[in-house]
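1. test case, fold it:
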Amino acid sequence: SVARGGLIASGYVVARRQATVAAEVTGRLIEVRIEEGQRVRRGEVLAVLEPTLARADYGAANARAAAAEADYAEAQRVLVRTRTLSEQGFASEAAMTTAQARYDAALAQRNAARSEAQRASAQLSRYEIRAPFSGVVVAKAAQPGEIISPVSAGGGFTRTGVCTIVDMSRSRRRGAGVGL
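-> Model prediction:
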C-alpha cells in the first residue's frame, strides 16, 4: 500500500549521449581493455589495433628528424663561424653566401622532418581507440584478434564498433506519473 500523498510512477531513463565507439583506421585488435558495465573516462584507451606499419613509419620519421636536427645544428655552427671570420676579414662574401644557403636549406629540411614526425605520431595515435566522453560501457562488440574498420566492409569478418558507451550522468526521465 502507498501512503497518502505518495506518488506512483512508471517510465524509463534515457541517456542524453550514446556512442558506438569505432576505430579511425582498419586493423586487427590486439587488446580490448573494457568490459560491459565498466565506467570509462573521456580519452581513456578502450582498445588497441596492431600498429606495425604505423610504428615503422613513426620510427623512420623520427630518425629522419634527428638527422635533420643534427644537420641544422652543424649548418648553424658553420654560419656563426663564417660570420665571425667575415667580420674579421678572413672569410669571403662567397663563403658567407654559401654558409647562409646551407643554413637556410638545413632549416627547411629540419622543419619538414619535424612535420613528418608529427604526422607519423598522429597516425600512430589513431591505432588507440579512445572514449569520446565519460560514461558506462553498455555493450562490448569486439574481441582481440578481430578486424576493426571505420566502415562496414560487408560480410561477417569485419566489425565497425568496439563497444557502446552511454553517458548516464546527463540522463533524463521519461514516463507518466500518477499522484495519490
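2. where do the strands sit along this structure?
-> 7-14, 17-21, 27-32, 39-40, 45-49, 128-130, 135-140, 147-148, 158-159, 163-167, 172-179 (DSSP state E).
3. among those strands, show the one with the smallest mean pLDDT.
-> Among the strands of the chain, strand 172-179 carries the lowest mean pLDDT, a mean of 53.
4. residues in contact with residue 62?
-> Listed by C-beta atoms under 8 Å, 6 or more residues apart in numbering, the contact set of residue 62 reads 117, 120. C-beta: built from backbone N, CA, C; applies to glycine.
5. count the neighbours of residue 149 for me.
-> Here the number of neighbours of residue 149 (other C-beta atoms under 10 Å) works out to 15.
6. how many other residues sit next to the closest residue to residue 33 other than its chain neighbours?
-> In space, and not counting its chain neighbours, residue 33 is closest to residue 46: 5.8 Å by C-beta to C-beta, 6 or more residues apart in numbering. Look at residue 46: counted by other C-beta under 10 Å, it has 22 neighbours.
7. and residue 64, by the same measure?
-> Neighbourhood size, residue 64 [other C-beta under 10 Å]: 17.
8. now do residue 20 against residue 46, distance only.
-> Distance check for residue 20 against residue 46: by C-beta to C-beta, to the nearest Å, it reads 12 Å.
9. identify the contacts common to those two.
-> By C-beta under 8 Å, 6+ apart, the residues touching both residue 20 and residue 46 are residue 163.
10. for this structure, give me the ranges with low pLDDT.
-> Residue ranges of the chain with pLDDT under 70: 1-15, 152-157, 170-180.
11. select the longest helix from it.
-> Looking across the chain with DSSP state H, the single longest helix is helix 52-87.
12. next, the angle strand 27-32 makes with it.
-> If you take axes from the mean of the first three to the mean of the last three C-alpha atoms, to 10 degrees, helix 52-87 sits at 100 degrees to strand 27-32.
13. ok, residue 55 touching residue 124?
-> Yes: with contacts counted by C-beta atoms under 8 Å, residue 55 reaches residue 124, the gap being 6.4 Å.
14. between the two, which has more neighbouring residues?
-> Between residue 55 and residue 124, counted using other C-beta under 10 Å, residue 124 has the larger neighbour count: 18 against 14.
15. how close does residue 47 sit to residue 137?
-> Separation of residue 47 from residue 137 (C-beta to C-beta): 11 Å.
16. residues shared between the contacts of the two?
-> The contact lists of residue 47 and residue 137 share 34, 163, where a contact means C-beta under 8 Å, 6+ apart.
17. looking at these two, which one has more neighbours?
-> Higher neighbour count among residue 47 and residue 137: residue 47, with 24 against 20, using other C-beta under 10 Å.
18. alright, calling it a day.
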